[in-house]
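*Asks:* When you get a sec, could you give me coordinates for this:
(one chain, ligands or ions: 2)
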Amino acid sequence: MFLHAEEGLSRDEIRSLQTQRLRETVARAARSPFYGKVLDEAGISADDISSPNDIARLPLTTKQDLRECYPYGMLTVEVDELVRLHASSGTTGSPTAVLYTHKDLDTWASLMARCLHMAGVRPSDIFQNMSGYGLFTGGLGIHYGAEKLGCLTIPAGAGNSRRQVKLLRDFNVTCAHIIPSYALYFAEFLQAEGIDPASLPLRIALIGAEPHTEEIRRRIEDLFACKAYNSYGLSEMNGPGVAFECEEQCGMHLWEDAYIAEILNPETLEPVSEGEIGELVMTTLSRDGMPLIRYRTRDLTRFLPGECACGRVHRRLDRIAGRSDDMLIIKGVNIYPMQVEQVLMGMSEVGGNYLIELTRQGTREDFTVKVEITDDYFVEDMRALTGLQKRIASRLRDEILITPRVELVQRGHLPAGEGKAQRVRDLR
Ligand code: ADP
Ligand code: ZN
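*Replies:* Ligands and ions are numbered 1, 2, ... in the order given. As a prediction, this is how the structure comes out:
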């Protein structure tokens with residue numbers, strides 16, 4: 001049933017493996033210029049670790065630390081032992097690099113294969129990777145995982161929708177990895193070409209790399225008549241393959257044999273209470289070239305309580321609610337873009353794309369939500385459109401407590417890229 005024995009470990013077995021691997025990680029990290037210094041300053045070494053709870057005694061690592069160590073300051077090996085570099089896409093601020101040895105790539109591909117298998121992908125599947133390649137880990141990361149599992153793997157890359165359909169059809173592709181915003185765009189592209197997305201042979205879509213709501217998942221599943229599974233990762237923790245949904249689709253199992261995850265209150269940096277939302281902080285347990293200790297991901301989530309029906313006891317992360325630096329303060333109110341998305345995507349008249357725009361005139365802040373609406377609806381008369389506009393504004397008000405200006409636009413009229421969607425344009 002499981003691809004790897006590690007999937008079936010008990011809580012006790014996970015804990016003892018974590019203890020052993022955390023000790024090794026701290027010992028190894030101490031060899032890097034950065035951790036050598038910070039561990040020394042904190043007066044802590046591998047010998048002080050006797051359970052996974054001792055992780056709380058270790059110093060935190062931030063994105064800023066990674067930037068300051070750019071390019072080679074976090075390595076525990078010589079540069080000639082490295083074989084790969086990836087970089088974060090720089091969604092927020094300047095990029096950071098992650099470097100891998102041969103063994104690191106192998107570990108990563110195995111974790112990735114395990115994730116795919118858990119979501120129901122099998123060696124007999126034909127797999128199309130429709131996300132960008134290059135420095136972005138969603139390309140080669142997923143690719144090597146699918147190959148490792150034994151799938152015929154097509155490195156289609158992002159964009160070029162016409163070629164994507166051709167490959168999907170010609171090779172009878174049954175599984176695809178695709179960024180959710182691109183999946184919605186792609187479905188609209190197909191419909192405009194007179195192709196029903198549900199007529200494609202896809203049975204499984206792996207979606208992730210950007211925050212998205214349950215509503216978006218349902219839409220993708222309905223449009224393509226397939227199952228869609230949430231995939232979470234970040235380049236600092238290798239890339240994709242960190243946490244993934246199983247076939248139960250109730251949260252993402254985080255591989256605790258390879259990572260220790262904590263959820264901390266981002267202000268006090270103390271652990272949140274059981275089941276509460278906070279910032280995910282992660283430690284690598286099986287990375288040689290560039291181990292990271294207590295890395296602050298800035299992603300907000302929580303551990304889901306209870307057991308999963310699939311039998312795996314690796315704890316499950318809830319859908320990522322956004323990043324701690326995503327929060328918008330509009331007219332003094334705290335708002336997360338995902339709250340807006342949840343409202344919009346729950347309305348059938350709304351199409352697959354939207355944009356939040358913030359502007360300032362003198363002391364006045366303007367908050368506009370631009371919404372693409374479906375073709376069916378766009379042909380309605382003015383009165384119906386004005387009614388829809390009001391309905392959207394009032395539902396948003398119920399959720400976020402302030403009323404935005406709502407602008408309805410025709411499908412395909414908002415910027416749509418092939419990479420991660422930019423949902424907010426802050427011009428203040
Ligand atoms: P960047 O930080 O520049 O976007 P990465 O490509 O490493 O670079 O992106 C990792 C980030 O993408 C995560 O920290 C998270 O914010 C987001 N992310 C990845 N997968 C998901 C997912 N399934 N749901 C929500 N957000 C995700
Ligand atoms: Zn499960």
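*Asks:* Spell out which residues of this protein are next to ligand 1.
*Replies:* Contacts of the chain with ligand 1, taken as C-beta under 6 Å from any ligand atom, map to 88-91, 136-137, 208-211, 230-235, 297, 299, 320, 323. (C-beta placed from N, C-alpha, C; glycine too.)
*Asks:* So which of those belong to helices?
*Replies:* Under the assignment DSSP state H, the residues of the chain next to ligand 1 contribute Thr137 to helices.
*Asks:* Report the buried members of the residues of the chain next to ligand 1.
*Replies:* Among the residues of the chain next to ligand 1, those classed as buried by 16 or more other C-beta atoms under 10 Å are 88-89, 136-137, 208-211, 230-235, 297, 299, 320, 323.
*Asks:* if you look at these, which of them are in strands?
*Replies:* 208, 230-234, 297, 299, 323 (DSSP state E).
*Asks:* could those residues go into CSV alongside distance to Arg11 and pLDDT?
*Replies:* What follows is these, written out as CSV (distance: C-beta to C-beta, whole Å; pLDDT from 0 to 100):
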residue, distance to Arg11, pLDDT
Gly208, 26, 95
Asn230, 23, 98
Ser231, 24, 98
Tyr232, 21, 98
Gly233, 23, 97
Leu234, 25, 96
Thr297, 23, 97
Asp299, 24, 97
Arg323, 30, 88
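*Asks:* out of those, who's nearest Gly346?
*Replies:* In terms of C-beta to C-beta, no member of those lies closer to Gly346 than Asn230, at 17.8 Å.
*Asks:* so who does the residue of the stretch 1-150 of the chain found nearest ligand 2 touch?
*Replies:* At 7.4 Å from ligand 2, Met118 is the closest residue in the stretch 1-150 of the chain, using C-beta to the ion. Contacts for Met118 (C-beta atoms under 8 Å, 6 or more residues apart in numbering) come out as 3, 7, 244-247, 253, 310, 312.
*Asks:* Of all pairs in these, which one spans the longest distance?
*Replies:* Among those, Leu3 and Glu245 lie farthest apart (C-beta to C-beta), at 15.2 Å.
*Asks:* Settle it for me: which of the two has more neighbours?
*Replies:* Glu245 (28 against 15; other C-beta atoms under 10 Å).
*Asks:* what's the spacing between the nearest residue to the more buried one once chain neighbours are set aside and Cys175?
*Replies:* Of all residues not flanking Glu245 in the chain, Tyr229 sits nearest, at 4.3 Å (C-beta to C-beta, 6 or more residues apart in numbering). In this view, Tyr229 and Cys175 are 10 Å apart by C-beta to C-beta, to the nearest Å.
*Asks:* what touches both of the two?
*Replies:* 204-206.
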